[in-house]
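1. Sharing a sequence plus its predicted fold:
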Amino acid sequence: MVSKESHDLPIQLGDGLLMRWATTADADELAEFNLHLHSEDLKDDPELWLKDWTRDILSGHHPTISPKGATVVVDPKKQNIIVSSMTMIPQLWAYVGLTFGCGRPELIAIDPDYRRAGLVRRQFEHFHTQSAAGGDLIQAITGIPWYYR
């Protein structure tokens, strides 16, 4: 069961880390963060579209998501750098003529130095609660086939 605290942000996490909503001011840093952590070949073939997608999500002009659809975990001991992030894209899905809300997690990333601290788990807990409170019947990871081996 997800605790009520996951409804409210910011949340103090262990080691002084802070989980909060992303803001438009985070757009450039988060765009670089996503580029570095999601590009398969950063040196020779960086996936620059990731930067545009991140900025679009945080612009406040996206048709289905606002900056409050993305969380970041920051490290105050290191000038509040972003060390993890997640986005929940609200979608309307249909199955055999029935439509229903679906929350789709995307752009899930964590700095390798911060892995195994439960940061992604805490963000998932938060979004499961937010998605259900918004009336979504499911959350679904569509993902990249080779990524989830």
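-> Yes, it's here.
2. the longest helix in the protein is where?
-> Counting residues, the longest helix found in the chain (DSSP state H) is helix 119-133.
3. How far off centre is that helix?
-> Taking Cα atoms, centre = their mean, to the nearest Å, one finds helix 119-133 lying 10 Å from the centre of the chain it belongs to.
4. Pull out the buried residues from it.
-> Across helix 119-133, burial judged by 16 or more other Cβ atoms under 10 Å covers 119-120, 122-131. (Each C-beta comes from the backbone N, C-alpha and C, glycine too.)
5. ok, now stretch 111-119?
-> Applying 16+ other Cβ under 10 Å to stretch 111-119 flags 111, 117, 119 as buried.
6. average pLDDT for stretch 131-139?
-> Averaging pLDDT along stretch 131-139 gives 91.
7. Name the residues that touch it?
-> By Cβ atoms under 8 Å, 6 or more residues apart in numbering, the residues outside stretch 131-139 that reach it are 7, 88, 90, 93, 100-105, 127-128.
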